[in-house]
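Student: Have a look at this fold, sequence not included:
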Ligand SMILES: O=P(O)(O)OC[C@H]1O[C@@H](O)[C@H](O)[C@@H](O)[C@@H]1O
């Protein structure tokens, strides 16, 4: 499918529109390194853990996946507490550094919107509206399906396709006629599972890995897709 034939385009946020996947990654590294080191007797946190267990997933789901990889079983309150610590670190970094947008992504968004194609954001993050607001992009989207909306509607985390399916439904678009834009393995897999047309953006997950999990095409920057 040519992108301009899409009935809708659904954008992931962190790492796709804004450079905030890196901010999440640093906050996770800070909190989970400290936790795993103090727990002791398990493999320490590494950058690979972000891409394998945390990237693109809802907060609790990501923590559970990482803990399970180390054979750690914590009560629900402790998982929530780790999530709260990571969120505090993320919010602190955000207010200190602000939000950087990817210029190529904004050019791509402009191009899609110039052609009258409806757009939405589908992000696992509960911080998505705040990040979009700080980036000056919030009013560009018909709707934002974020981590809070997912919880309200009981929608499971990416890699399940439900949040993307919900976004497409809100825009009245058929999944097979809808493009999704993703940088995370979990998000690409969600798009594939929902029978969407998937554009992968390689911000560190690796082009081959994104293709293996279901990306139809992979670019380094969304500006590459904009046609004059
Ligand atoms: O903790 P939040 O802001 O609700 O975000 C949940 C997840 O949102 C995703 O977009 C990020 O890739 C993850 O790193 C993050 O953990």
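Tutor: Now that the structure is in, tell me what you want to look at. Since the model is a prediction, treat every value here as computed from it, not as a measurement. Numbers count the residues shown, from 1 in each chain.

Student: what pLDDT does residue 1 get?
Tutor: For residue 1, the pLDDT comes out at 86.

Student: Tell me who's in contact with it.
Tutor: By Cβ atoms under 8 Å, 6 or more residues apart in numbering, the contact set of residue 1 is 177, 179, 197. All C-beta spots, glycine's among them, are computed from the backbone N, C-alpha and C.

Student: Try it again at 6 Å.
Tutor: residue 197 (Cβ atoms under 6 Å, 6 or more residues apart in numbering).

Student: Write out the residues of this structure neighbouring the ligand.
Tutor: By Cβ under 6 Å from any ligand atom, the residues of the chain that approach the ligand are 14, 21, 24, 54-56, 58-59, 62, 87, 123-127, 147, 184.

Student: same thing but at 5 Å, please
Tutor: 14, 24, 55, 56, 59, 124, 125, 126, 127, 147 (Cβ under 5 Å from any ligand atom).

Student: and the fifth one, how many neighbours does it have?
Tutor: When neighbours are counted by other Cβ atoms under 10 Å, residue 59 registers 24.

Student: oh, and call the first residue 17 from now on, that's how I've got it
Tutor: Sounds good: first residue 17 from here, last item residue 75.

Student: That one against residue 99, yeah?
Tutor: Yes: using Cβ atoms under 6 Å, residue 75 is in contact with residue 99, at 4.7 Å.

Student: residue ranges for the strands of this protein, please.
Tutor: Here the chain has its strands, by DSSP state E, at 24-27, 135-138, 159-161, 194-198, 213-217, 233-235.

Student: Relative to its centre, which residue of the chain is most distant?
Tutor: The outermost residue of the chain relative to its centre, with distances by Cα atoms, centre = their mean, is residue 57 at 31.1 Å.
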